[in-house]
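task: produce atomic coordinates for the following.
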Amino acid sequence: MNTTVTRADFGLPVAPARGALRPLSIGDVRIAGGYWGHKQTVNGTVSIRHAEEWIEKVGWIGNFDAAVEGRLPQDHTGRSFADSDVYKLMEAMAWEIGRTGDAGMERRLQALVARIAPAQEEDGYINTYFGRPGQGARYSDLEWGHELYSFGHLIQAGIARGRTHGEDELVRIARRAADHVCEAFGENGLQGVCGHPEIEVALAEFARYTGDRKYLDQALRFIERRGHGTLGQIEFGQSYFQDDQPVRDAKVMTGHSVRALYLAAAAVDAAVDTGDGELLDGMIEQVANTVARRTYLTGGMGAHHEGESFGVDYELPPDRAYSETCAGVGSIMVNYRLLLATGEAKYADLIERTLFNVVAASPAEDGRSFFYTNTLHQREQGQEPSATEPSPRASSSLRAPWFEVSCCPTNVARTLSSLGALLATTTDNGVQLHQYAASGISARLADGSPVVLRVETDYPRSGGIRIVVEETGAAAWELSLRIPAWAGDDARLACAGESYDAAPGTARISRTFSPGDVVELELPVQPRWTFPDPRIDAVRGAAAVERGPVVMCVESTDLHGHDVNGVRVDTSAPLLDEEGAASVQVRFGQFDDGTWPYGACARAQEDTEPASGERVKLIPYASWANRGPSTMRVWMPTA
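Predicted coordinates for the structure are as follows:
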């Protein structure tokens, strides 16, 4: 990170004007090993470079060269939104350079900027799919063209660069693009919106970065225009675009899940920065209803493959879960903003669930292939995708190196490179820990007193979290720790021989700390049974196992030839903890596959030997399919 640049928002992915909590930056919070440290290292040393190589190989960066050299449209490759994945890659690189100071990546980022900059037109417009002879006119397809969506990701890349490096050519490109959008779609300009929300959240953050209110005003215009049938009719209906009702009137998220979540994040930003309590309350209600009725156990969102969309309330089939990785990223974006606005621990709970079970599930252990969708029940073994061609299917049964629509790999990359900012926050008189990872945390209180903490843990493998005070002022201050809802009454918290209340929510220790003081939190990460709301018809009569924040699954690799679809679990038998995994007592059933599957009586499932059952291993859901083609399930019928 370029420490010669001094900004109040330096290193911050999100910097709201007000809120219950103040964010800490990727420089203030440095992950140091452990589960998330390993994920960040793989992302920074493998996945980002992997994405660069693929984006070059499939020609999406080359589109900008073709634009400059006059070879469009004939030489264009990829979809209308291919530009956006280049921009998301650049954002990930900017955060990673800020986090690590990687000089090689800095040179590669500069080279990308040098290829993109000449493609920007004098008025700030930049797009490789529209606007030239033989291409569609600018903004001629707001429903599907993704021009404003792509601008949004360019602007967010500029923000990341500005907040980790300072003003440079990438920031200037982003500023010219943002100015163009405000001019073209302002009060007296085009009155449309983009079919895919993203420009709104980018402009709101760019207003914070620049201090120029016009960008927030334009974000608000886009938010308020949506929901009035502004976009054209499509087969999925106006709800696909969130254009069927104003965001202020919506009580639950509908339509395309990523679109809905990006719009919600922007609405929270706008509500917070304008002091619009009514809008903020509406978004709090919308998120609460969506989490309660339309969210998978993993934190994933989106039950329909058609339209990549939310289902109706409690429609959460595990084997047809779409649960797009990008929707997981969008959920984290929304819930982080609500955490900062309200200080309520439930938002950090959902961030944790989604990080461990959606974001972490997408990349393979080697960081070179990804899940786009995240099913909770794989009935048949998948086929190895091509190692040399992009996968045409988002719902691949195994992780693929790249996709024809590759929004998810770059979204995961930018999330992991800026992950430290999600761990902790500060207030005038305290520091709050929301996510637990081995890390160093530095903050400064309102009176100027420094607080430096070292967090020691191998969470979630174990539940022990040790916070060492390395530096502190002389005055008393408050350390707050999130106690996850799943911990129930079994968490334990102590400091200097004194025990503190550790009920789910926020635990607080207010005292005069001294260097060397140690706070010890113990969270109960032993395996536990989880049962569904009976209104979720698809999993009624089934059970799942969770271990701390980690959802577990049974994978055919561990069943010694048995069929995962025949597993039935005995919930009366004890769950055993096995070094980060778990084991359950199961019986294996079999059916006669050659008969009509309906009848006057309930069909019996015959147990295979041994009738008493046997114990099988469960693994973290995020780890499945790392050992080759397999079948898998999270929800298991009860015996």
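
for F370, which residues make a bridge with it?
P363, A400 (DSSP bridges).

enumerate every residue touching the residue nearest to E384 when sequence neighbours are not counted.
In this structure, E384 finds its nearest non-sequential neighbour in L398, 6.2 Å apart by Cβ to Cβ, 6 or more residues apart in numbering. C-beta coordinates here come from the backbone N, C-alpha and C atoms, glycine included. Residues near L398 by Cβ atoms under 8 Å, 6 or more residues apart in numbering: 369, 382-385, 625, 629.

what's the answer for R399, then?
Contacts of R399 by Cβ under 8 Å, 6+ apart are 362-364, 369-371, 385, 625.

how about Q526?
Applying Cβ under 8 Å, 6+ apart, the residues contacting Q526 are 547, 575, 577.

now R444, what are its backbone angles?
phi -130, psi 130 (degrees, to the nearest 10).

W486: what's it in contact with?
349, 528, 546, 548-549.

host element of A600?
Secondary structure assignment for A600, by DSSP states H and E: no helix or strand.

same question for whichever helix or strand G104 is part of, mean pLDDT?
Per DSSP H and E: G104 is located in helix 103-116. Taken as a whole, helix 103-116 has an average pLDDT of 98.

and that helix, what does it pack onto?
Helix 103-116 is packed against helix 62-69, helix 82-100, helix 169-185, with contacts defined by 3 or more Cβ pairs under 8 Å, 6 or more residues apart in numbering; DSSP states H and E.

in the first one, which residues are buried?
So the one you mean is helix 62-69. Buried positions in helix 62-69, judged by neighbour count with 16 or more other Cβ atoms under 10 Å: 62-67.

quick check, nearest of those to A476?
F64 (55.5 Å; Cβ to Cβ).

show me what contacts the closest one?
83, 86, 115-116, 118-119, 128.

going by neighbour count, list what's buried in stretch 400-414.
Residues of stretch 400-414 classed as buried under the neighbour-count rule (16+ other Cβ under 10 Å) are 400-403, 405-414.

any chance of the residues you listed in a markdown table, plus pLDDT?
Output for the buried residues of stretch 400-414, formatted as a markdown table (pLDDT from 0 to 100):
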| residue | pLDDT |
| --- | --- |
| A400 | 95 |
| P401 | 96 |
| W402 | 96 |
| F403 | 95 |
| V405 | 94 |
| S406 | 94 |
| C407 | 94 |
| C408 | 96 |
| P409 | 97 |
| T410 | 98 |
| N411 | 98 |
| V412 | 98 |
| A413 | 98 |
| R414 | 98 |
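
re the thing from before, between the helices and strands packed on helix 103-116, which one is closest to P515.
helix 82-100 (26.5 Å).

can I get that closest one in PDB, CA atoms only?
Extracted C-alpha coordinates of helix 82-100, given in PDB (Å, rounded to 0.1, in the frame of the first residue of the first chain):
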ATOM      1  CA  ALA A  82     -17.100  -8.800 -21.100                       C
ATOM      2  CA  ASP A  83     -15.500  -5.400 -20.300                       C
ATOM      3  CA  SER A  84     -16.900  -5.700 -16.700                       C
ATOM      4  CA  ASP A  85     -14.800  -8.800 -16.000                       C
ATOM      5  CA  VAL A  86     -11.600  -6.900 -17.000                       C
ATOM      6  CA  TYR A  87     -12.600  -4.200 -14.600                       C
ATOM      7  CA  LYS A  88     -13.400  -6.500 -11.700                       C
ATOM      8  CA  LEU A  89     -10.000  -8.200 -12.300                       C
ATOM      9  CA  MET A  90      -8.400  -4.700 -12.100                       C
ATOM     10  CA  GLU A  91     -10.200  -4.000  -8.900                       C
ATOM     11  CA  ALA A  92      -9.000  -7.200  -7.400                       C
ATOM     12  CA  MET A  93      -5.500  -6.400  -8.400                       C
ATOM     13  CA  ALA A  94      -5.700  -2.900  -6.900                       C
ATOM     14  CA  TRP A  95      -6.800  -4.300  -3.500                       C
ATOM     15  CA  GLU A  96      -4.200  -7.000  -3.700                       C
ATOM     16  CA  ILE A  97      -1.400  -4.600  -4.500                       C
ATOM     17  CA  GLY A  98      -2.600  -2.400  -1.700                       C
ATOM     18  CA  ARG A  99      -2.600  -5.400   0.700                       C
ATOM     19  CA  THR A 100       0.800  -6.900  -0.300                       C
END
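
from the contact counts, what lies against that helix?
Checked by 3+ Cβ pairs under 8 Å, 6+ apart, helix 82-100 has helix 48-57, helix 62-69, helix 103-116, helix 147-164, helix 407-417 packed alongside it.

quick one: low-confidence ranges for the chain?
1-7, 395-396, 603-612 (pLDDT under 70).

can you give me the helices for it?
In the chain, helices defined by DSSP state H lie at 34-42, 48-57, 62-69, 82-100, 103-116, 147-164, 169-185, 199-210, 213-225, 257-274, 277-293, 325-342, 345-354, 407-417, listed in chain order.

burial check on S514, number of neighbours?
Neighbour count of S514, defined by other Cβ atoms under 10 Å: 10.

my guess is it contacts V468, does it?
No: the criterion here is Cβ atoms under 8 Å, and S514 misses it with V468 at 11.4 Å.

how far away is the closest residue to A413 other than its chain neighbours from A160?
Leaving out its chain neighbours, the residue that sits closest to A413 by Cβ to Cβ, 6+ apart is A92, at 3.8 Å. Applying Cβ to Cβ, to the nearest Å, the value for A92 to A160 is 8 Å.

now do the shared contacts for the two.
What both A92 and A160 touch, as defined by Cβ under 8 Å, 6+ apart, is the set R414.

how many other residues sit next to V525?
Quick note: V525 (other Cβ under 10 Å) scores 23 neighbours.

do the same with the one 10 residues further on
Using other Cβ under 10 Å, R535 is surrounded by 11 other residues.

OK, contacts around it?
Shown in contact with R535 (Cβ under 8 Å, 6+ apart): 313-314.

repeat for the one 3 residues further on
Residues counted as contacts of A538 (Cβ under 8 Å, 6+ apart) are 315-319.

mind listing what's buried in stretch 259-276?
259-274, 276.

sorry, wrong one. I was asking about stretch 509-519.
509, 513, 517, 519.

how about the third one: what's its closest non-neighbour residue?
Spelled out, it's D517. D517 sits nearest to V469 (Cβ to Cβ, 6+ apart), 4.3 Å away.

follow-up on the earlier one: right, so the helices and strands packed on helix 103-116: which one is the most enclosed?
Mean neighbour count (mean count of other Cβ atoms under 10 Å) peaks for helix 82-100 among these, with a mean of 26.

tell me the angle of that helix relative to helix 62-69?
Angle of helix 82-100 versus helix 62-69, following axes from the mean of the first three to the mean of the last three Cα atoms, to 10 degrees, is 110 degrees.

could you give the separation of helix 82-100 from the chain centroid?
Helix 82-100 sits 15 Å away from the centroid of its parent chain (Cα atoms, centre = their mean, to the nearest Å).

just to revisit the earlier point, the contacts of Q526 in strands, which ones?
547, 577 (DSSP state E).

scan the contacts of Q526 and report the most crowded one.
R547 (24 neighbours).

mind listing what the closest residue to it other than its chain neighbours touches?
Nearest non-adjacent residue to R547, counting by Cβ to Cβ, 6+ apart: P527, 4.7 Å away. Shown in contact with P527 (Cβ under 8 Å, 6+ apart): 545-547, 552, 575-577, 582, 618.
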